[in-house]
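Visitor: coords please:
(one chain, ligands or ions: 1)
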Amino acid sequence: MLRGMSPHDQANLDLIALLTAHLNVQTPHASPETPEEPGVHAAPALLDVLIVGVGFAGLSAALYTARGLKRGVLVTSGPSRNAPSPHAGGVFAHDRQSPAAILAEARDDLRPYNFPVIEAEVTALTGHGDHFTAVLSDGQEVRARKVILATGVRDVLPETPAGLREQWGRGVHHCPYCYGWELRGGQIAVYLPGLSGLSGVQRVLYHQKITRDVLVCTDGVAALTAEHRAVLSAQGVTLIEEPLVRVDGGAGGGVTLTFASGLAVDRDVLYAHGAGPCVRSWPRRWAVW
Ligand SMILES: Cc1cc2nc3c(=O)[nH]c(=O)nc-3n(C[C@H](O)[C@H](O)[C@H](O)COP(=O)(O)OP(=O)(O)OC[C@H]3O[C@@H](n4cnc5c(N)ncnc54)[C@H](O)[C@@H]3O)c2cc1C
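Guide: Numbers count the residues shown, from 1 in each chain. Take a look at the predicted model:
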């Protein structure tokens, strides 16, 4: 402690030294006047932030990281979750644009910041506290103080009915908010194998926000009481309880549903969900704490 300095002053000086030491290690990216092409910039030795996944979340995180004058890198491989869909509905300022176009525009927003993007998979992630190391599929290593896992989720789609996987994001959708307004007043179908009970009835009626004409494919006899069935029938809902065996794309963007008996029905959309919960797409190997 300096002569004449109180413990309180010394504590303040220590705090200032701590804060300025932190600031000294922040090296902002190159100035906006000298932008480099994303993807051709080598990753620096120890970054502030590694962002894994260049989807909607990852790109948003990257923009804030760059604007915060942090040194970071985006590492990504593979498509975003809604890549099969031609339009993304309900995305502020980009309603009904293609997901690829929205993401391309978001990448363009990063250009002035010279924020590097590496096209590779993060296959392993280790570390703790303020030091993490990621191994990439191209053999590179990226080290960073913080990691943002913006890796999204993957839909696990059922093998049957045939054609459902191929129609995913086209004639088959999971979310009436993403794709539903366009079909208001139309003819829709909902694939609900194992439909049962009051909660099942509620799931069916939820889709009637779009249209009254709802066809429900239950893939077997639904566990519904006479009262449940009466409610659905009174609301104009049709149940088909024989197995749905095939989903084909229709001419106008809808689907043709073929059932076990050979019955074929055209609908504007089939709403369906994965075979189970979505799975997180995290690095294959990881040990972080
Ligand atoms: C068919 C369909 C249609 C949809 N339509 C709409 C819509 O109209 N409107 C709407 O708002 N939402 C829609 N959604 C939901 C939307 O897709 C998600 O909300 C959104 O994609 C989530 O963004 P995200 O950044 O979290 O993940 P994602 O967009 O999935 O991005 C994650 C990225 O991380 C990458 N990644 C994963 N693991 C690794 C790794 N180890 N290394 C490197 N990269 C990795 C992935 O490949 C991917 O590119 C739809 C979803 C589906 C399935």
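Visitor: Identify the residue of this protein closest to the ligand, quick one.
Guide: When you check the chain against the ligand by Cβ to the nearest ligand atom, the closest residue turns out to be residue 55, at 2.0 Å. Using the backbone N, CA and C atoms, a C-beta is placed for each residue, glycine as well.
Visitor: any bit of stretch 250-257 sitting next to the ligand?
Guide: No. Stretch 250-257 stays clear of the ligand (Cβ under 6 Å from any ligand atom), getting no nearer than 13.8 Å.
Visitor: and that stretch, which residues are buried?
Guide: Within stretch 250-257, the residues that qualify as buried are 250, 254-257, counting by 16 or more other Cβ atoms under 10 Å.
Visitor: again, but for stretch 196-206
Guide: Here stretch 196-206 shows 200-201, 204 as buried, counting by 16+ other Cβ under 10 Å.
Visitor: swap in stretch 115-128?
Guide: Under 16+ other Cβ under 10 Å, the buried positions of stretch 115-128 are 115-118, 120-125, 127.
Visitor: Ok, stretch 85-94 next?
Guide: For stretch 85-94, using 16+ other Cβ under 10 Å, the buried residues are 85, 87-89, 94.
Visitor: Next: stretch 51-62.
Guide: 51-59, 61-62.
Visitor: Now the two most distant members of those residues.
Guide: Farthest-apart pair in those is 52 and 56; separation 13.9 Å (Cβ to Cβ).
Visitor: Output the buried residues of stretch 250-257 as JSON lines; include the columns pLDDT.
Guide: Below are these laid out as JSON lines (pLDDT from 0 to 100):
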{"residue": "250", "pLDDT": "83"}
{"residue": "254", "pLDDT": "94"}
{"residue": "255", "pLDDT": "97"}
{"residue": "256", "pLDDT": "97"}
{"residue": "257", "pLDDT": "98"}
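Visitor: Show me which of these is closest to residue 108.
Guide: Distances from residue 108 to the buried residues of stretch 250-257, taken by Cβ to Cβ, are shortest for residue 254, at 34.1 Å.
Visitor: residue contacts, the residue nearest to that closest one when sequence neighbours are not counted?
Guide: Leaving aside its chain neighbours, residue 254 sits nearest to residue 268 (4.5 Å; criterion: Cβ to Cβ, 6 or more residues apart in numbering). Contacts for residue 268 (Cβ atoms under 8 Å, 6 or more residues apart in numbering) come out as 183, 186-188, 253-255.
Visitor: The nearest residue to residue 98 once chain neighbours are set aside: what secondary structure?
Guide: Ranked by Cβ to Cβ, 6+ apart and with sequence neighbours excluded, the top spatial neighbour of residue 98 is residue 86, at 5.8 Å. Under DSSP: H, G, I helix; E, B strand; the rest coil, residue 86 falls in the coil class.
Visitor: Settle this for me: residue 86 is touching residue 171, isn't it.
Guide: No. Using Cβ atoms under 8 Å, residue 86 is not in contact with residue 171; the gap is 11.1 Å.
Visitor: how's this structure carved up into domains?
Guide: Domain ranges of the chain: 7-154+281-288, 164-271, per automatic domain parsing.
Visitor: Mean confidence (pLDDT) on the longest one, please.
Guide: Pointing back at domain 7-154+281-288 there. The average pLDDT within domain 7-154+281-288 is 83.
Visitor: Residues in a beta bridge with residue 256, which ones?
Guide: On the basis of DSSP bridges, residue 256 is bridged to residue 248, residue 266.
Visitor: For stretch 244-251, buried residues please.
Guide: Buried-residue list, stretch 244-251, by 16+ other Cβ under 10 Å: 244-248, 250.
Visitor: Name the residues that touch the helix or strand hosting residue 190?
Guide: In the assignment (DSSP states H and E), residue 190 maps to strand 188-191. Strand 188-191 has contacts (Cβ under 8 Å, 6+ apart) with 161, 164, 203-204, 207, 210-211, 213-217, 219, 244, 255, 257, 265, 267-273.
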